[in-house]
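Visitor: A predicted structure for the sequence below; I have some questions about it.
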Amino acid sequence: MFLGYVPDEELSAIYKNAKGFAYLSYYEGFGMPPLEALYFNVPTLLSDIPVFKENFSGLVEFTAYEDPAMIASGIETILSKKNFDVRDSVVKSFNWAKSAQQLLDIINERNKRNS
């Protein structure tokens with residue numbers, strides 16, 4: 001299904017009932033929708049672009065976004081996953097405290113270099 005815009009209050013119900021999530025972007029800044037899907041333990045297929053590999057390796061399946069046969073194979077793979085449970089890993093890796101600390105570390109490092 002291609003849903004387009006979905007209000008926030010409906011997203012959790014959609015994710016909770018999803019059998020799989022495919023996000024085949026050719027350019028992305030970070031990827032909040034895949035993170036949301038993983039939070040709800042939805043097996044996920046992503047494009048094999050660098051930002052997704054950096055942020056989601058070990059959590060998702062990757063495919064070439066321009067290759068229909070590979071996409072079909074990837075969809076079959078995610079739909080066959082049983083007992084997919086990555087929520088704890090996602091919460092541990094992606095949280096506001098960790099993000100804030102990383103930003104503070106970058107700022108402090110830049111300040112040291114400029115002093």
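Guide: Sure, I can see it. Residues are numbered from 1 along each chain as shown.

Visitor: any idea what sits nearest residue 3, other than its immediate chain neighbours?
Guide: residue 14 (7.3 Å; Cβ to Cβ, 6 or more residues apart in numbering). Just so you know, the C-beta spots here come from the backbone N, C-alpha and C atoms, and that holds for glycine as well.

Visitor: Going along the chain, name the strands of the chain.
Guide: 21-23, 44-47, 61-63 (DSSP state E).

Visitor: among those, which is the most enclosed?
Guide: The highest mean neighbour count among these, using mean count of other Cβ atoms under 10 Å, belongs to strand 44-47: a mean of 26.

Visitor: hey, C-alpha coordinates of it in PDB?
Guide: Output of strand 44-47 as PDB, limited to C-alpha atoms (Å, rounded to 0.1, in the frame of the first residue of the first chain):
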ATOM      1  CA  THR A  44      12.200  -3.700   7.100                       C
ATOM      2  CA  LEU A  45      13.700  -3.500   3.700                       C
ATOM      3  CA  LEU A  46      15.800  -0.400   2.800                       C
ATOM      4  CA  SER A  47      17.700   0.900  -0.200                       C
END
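
Visitor: so what strands line up beside it?
Guide: strand 21-23 (parallel), strand 61-63 (parallel) (DSSP bridges).

Visitor: ok, residue 34 to residue 59 distance?
Guide: Residue 34 is 9 Å from residue 59, where distance means Cβ to Cβ, to the nearest Å.

Visitor: quick revisit: quick one: the strands of the chain as TSV, columns for mean pLDDT and distance to residue 2 too.
Guide: Output for those, formatted as TSV (pLDDT from 0 to 100; distance: least, Cβ to Cβ, whole Å):
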stretch	mean pLDDT	distance to residue 2
strand 21-23	95	10
strand 44-47	97	15
strand 61-63	97	18
